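1. What follows is a protein structure lacking sequence information:
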């Protein structure tokens, strides 16, 4: 029972900071000048196609991922996506734990975007 309590508490805390956007909302939101767009897929996935302007920060390579995101400006909005939305949500929660305050996740990930 305590596992589920801590899970729901963590989710409630991140829900104020993490916003999931559909592909239309995401496309409009990343047009701003003061945004960071992160593709958290592997370099191989990134090479197969990515959203224009996205930086690649492989979530599975945690050492490089932490190094990459630690260099980012925490006051800027961060927009994340992965293949389907699972990794990017994990990455978003990690960003919250590091002090980022405005995080947006693409619902359905790049698979949803590619059908845009």
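-> Ah, there it is. The structure displayed is predicted, hence computed values, not measured ones. Numbers count the residues shown, from 1 in each chain.

2. before we move on, what SS does the residue nearest to residue 114 when sequence neighbours are not counted have?
-> Distance criterion C-beta to C-beta, 6 or more residues apart in numbering; nearest residue to residue 114, sequence neighbours excluded, is residue 49 at 6.7 Å. For the C-beta atoms, the positions are set from N, CA and C on the backbone; glycine is no exception. Put simply, residue 49 is coil when judged by DSSP: H, G, I helix; E, B strand; the rest coil.

3. For residue 49, give me the pLDDT.
-> Note for residue 49: predicted pLDDT of 96.

4. Please list all residues in contact with the residue most central in space within the chain.
-> By C-alpha atoms, centre = their mean, the chain has its centre lying nearest to residue 80, at 2.5 Å. Residues in contact with residue 80, defined by C-beta atoms under 8 Å, 6 or more residues apart in numbering, are 38, 40, 88, 91-92, 95, 103-106.

5. Tell me which two in those are the farthest apart.
-> Taking C-beta to C-beta as the measure, those span a maximum distance of 14.3 Å, between 95 and 106.

6. more neighbours, those two?
-> residue 106 (28 against 23; other C-beta atoms under 10 Å).

7. residues in contact with the nearest residue to that one once chain neighbours are set aside?
-> Closest residue to residue 106 apart from its sequence neighbours, by C-beta to C-beta, 6+ apart: residue 81 at 3.8 Å. By C-beta under 8 Å, 6+ apart, the contact list for residue 81 reads 26, 38-40, 51, 54, 88, 105-106, 109-110, 113.
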